[in-house]
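Enquirer: Quick one: sequence plus predicted model below, questions after.
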Amino acid sequence: MGTWLNESPSASYMRLPGDSGRFQTSEVQLFGSDCGFSTSTQPPSASKRSVSNGVQSPARHCTPRQSIRKFATAAVRLSTSFRYGLKFPFKCSSRQIHMENNHSSDPRGALIVLEGLDRCGKTSQSSRLLSYLEELGHAVESWRFPDRTTNVGQMISSYLANKSHLDDHTIHLLFSANRWEKRSLMESKLKSGTTLIIDRYSYSGVAFSSAKGLDMEWCKAPEIGLLAPDLVLYLDISPEKAAERGGYGEERYEQLEFQEKVAESYKTLRDASWKNIDATLPIEDVEKQLRETVLNCVETCGKGKPLSGLWLS
Ligand SMILES: Nc1ncnc2c1ncn2[C@@H]1O[C@H](COP(=O)(O)OP(=O)(O)OP(=O)(O)O)[C@@H](O)[C@H]1O
Ligand SMILES: Cc1cn([C@H]2C[C@H](O)[C@@H](COP(=O)(O)O)O2)c(=O)[nH]c1=O
């Protein structure tokens, strides 16, 4: 997946107090001219090179509909190879990522992901962790997905606000594209020593789309080769309790019945490496549960830990 999308200068978008992180459709220009995808089968590192060299694919200047179609074609090819056990079309394996980052003992920032149901408290905890790590003198940024500042992100935002309708597969691929457009920036931030605290990542993509009935392996396919987190923090809350929290119901997926299905999908996705956090406790106590684990992770990565790719093994 070669040249993906422009890097947004606002990639380190941070939700400030009073900012819901959700755009009004009227506030944004929905379709820009730089929303293209290239379906070339180069490894993600090639994508990084072509973006930083300013080399643009001719596919960049196409309509959103064309972009989605190209992205969908690439994803279907990928998913087909995946399903039938064919050779993975991208020359990209966990070993290769390890070798690309062959100064594997170089200190780097940590990739820390917060996951959970809507209104579980991810945004509150991201900003608390950001302050905590900053006060300890660490280089740290808080990111969120979807990143609604990009052209793709604006299409997603409109969909979530029920202002547009998209096929379930299409919106899934847009969420994935929204992560791919940030992948190279993510890698360079981490390698330069900045820790990233990310409010939702690939797991949200798979959990929410599979809760609609899409095949889980199909949902993972376009995510393969994104950077794997060093730590996944799952903020555990029941759908009923989350629904009692402020602002619930504003967006498309904030419905009790659907969130129950999402909770089931997360259960399937979770593995032993995830840290389960009781998100029903008061905000300060949730933060206390997170601090030590997060700090350990930052210190481990600061001593040198190779980057790896998501769902490659
Ligand atoms: N531990 C907590 N106890 C009670 N209320 C909380 C707690 N954590 C967050 N809240 C409140 O719940 C609401 C949702 O919190 P927050 O925005 O942090 O969740 P979120 O997981 O980022 O939500 P979304 O996924 O919908 O963006 C806010 O009103 C927040 O003040
Ligand atoms: C990243 C991602 C998110 N979603 C869903 C999850 C939430 O319902 C919304 C995002 O809302 P937030 O308040 O900005 O967290 O989108 C998804 O379905 N797929 C994804 O990849």
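Expert: Perfect, thanks for sending it. Ligands and ions are numbered 1, 2, ... in the order given.
Enquirer: Which other helices and strands does the one helix or strand residue 267 maps to contact?
Expert: Element membership for residue 267, per DSSP states H and E: helix 256-269. Packing contacts for helix 256-269, counted by 3 or more CB pairs under 8 Å, 6 or more residues apart in numbering; DSSP states H and E, involve helix 202-211, helix 216-220, helix 239-243. In short, each C-beta sits where N, CA and C put it, glycine included.
Enquirer: Can you pull out the residues in contact with whichever helix or strand comes after the second one?
Expert: Translated: helix 216-220. Downstream of helix 216-220, the first helix or strand assigned by DSSP H and E is strand 231-236. Strand 231-236 is contacted by residues 110-116, 120-122, 125, 203, 266, 270, 273-280, 286, 290, 293-294, 297 when judged by CB atoms under 8 Å, 6 or more residues apart in numbering.
Enquirer: Parallel or antiparallel, which strands does strand 231-236 pair with?
Expert: Strand pairing for strand 231-236, using DSSP bridges, gives strand 111-116 (parallel), strand 275-278 (parallel).
Enquirer: And the ones you listed: which comes nearest residue 253?
Expert: strand 111-116 (12.7 Å; CB to CB).
Enquirer: is that closest one anywhere near ligand 2?
Expert: No: judged by CB under 6 Å from any ligand atom, strand 111-116 stays clear of ligand 2, getting no closer than 9.3 Å.
Enquirer: Next: stretch 255-262.
Expert: No: using CB under 6 Å from any ligand atom, stretch 255-262 stays clear of ligand 2, with a minimum separation of 8.1 Å.
Enquirer: highest average neighbour count across the helices and strands packed on helix 256-269?
Expert: The highest average neighbour count among the helices and strands packed on helix 256-269, using mean count of other CB atoms under 10 Å, belongs to helix 202-211 at a mean of 24.
Enquirer: who's in contact with the nearest residue to residue 106 once chain neighbours are set aside?
Expert: Take residue 106 and drop its neighbours on the chain: the residue closest to it by CB to CB, 6 or more residues apart in numbering is residue 304, 5.6 Å away. Contacts here follow CB under 8 Å, 6+ apart; on that basis residue 304 touches 104, 105, 106, 107, 108.
Enquirer: Which strands and helices lie in contact with the top helix by length along the chain?
Expert: Ranked by residue count, the top helix of the chain under DSSP state H comes out as helix 168-191. If you count contacts as 3+ CB pairs under 8 Å, 6+ apart, helix 168-191 packs onto helix 44-52, helix 64-83, strand 140-144, helix 151-160, strand 195-199, helix 202-211.
Enquirer: Out of those, which gets the lowest mean score?
Expert: The minimum mean pLDDT among these belongs to helix 44-52 (a mean of 28).
Enquirer: Count the residues that sit near the residue of the stretch 1-150 of the chain found nearest ligand 2.
Expert: The minimum distance from the stretch 1-150 of the chain to ligand 2, using CB to the nearest ligand atom, falls at residue 145 (4.0 Å). Number of residues near residue 145 (other CB atoms under 10 Å) recorded here: 20.
Enquirer: now do residue 260
Expert: By other CB under 10 Å, 14 other residues sit near residue 260.
Enquirer: Report the contact partners of the nearest residue to it once chain neighbours are set aside.
Expert: Once flanking residues are discounted, residue 260 sits nearest to residue 239: 5.0 Å by CB to CB, 6+ apart. Taking CB under 8 Å, 6+ apart, we find residue 239 in contact with 117, 256, 259, 260, 262, 263.
Enquirer: Quickly note the distance from the third one to residue 187.
Expert: If I follow you right, that is residue 259. Residue 259 sits 32 Å away from residue 187, going by CB to CB, to the nearest Å.
Enquirer: Verify the contact between residue 156 and residue 171 for me.
Expert: Yes: taking contacts as CB atoms under 8 Å, residue 156 lies within contact range of residue 171: 7.0 Å.
Enquirer: Report the contact partners of the closest residue to ligand 1 within the stretch 201-313 of the chain.
Expert: Nearest residue of the stretch 201-313 of the chain to ligand 1: residue 246, at 3.2 Å (CB to the nearest ligand atom). Applying CB under 8 Å, 6+ apart to residue 246 gives the contacts residue 119.
Enquirer: how close does it get to residue 147?
Expert: Between residue 246 and residue 147 the computed distance is 23 Å (CB to CB).
Enquirer: swap in residue 178?
Expert: 6 Å.
Enquirer: And for residue 292?
Expert: From residue 292 over to residue 147 the distance is 29 Å, taken as CB to CB.
Enquirer: ok, now residue 127?
Expert: Counting by CB to CB, the gap from residue 127 to residue 147 is 16 Å.
Enquirer: interface residues of the stretch 101-250 of the chain facing ligand 1?
Expert: Contact residues (CB under 6 Å from any ligand atom) of the stretch 101-250 of the chain with ligand 1: 118, 119, 120, 121, 122, 123, 124, 245, 246, 247.
Enquirer: Can I have the buried ones of these as a ChimeraX selection?
Expert: To isolate the buried members of these in ChimeraX, using 16 or more other CB atoms under 10 Å:
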select :118,119,120,121,122,123,124
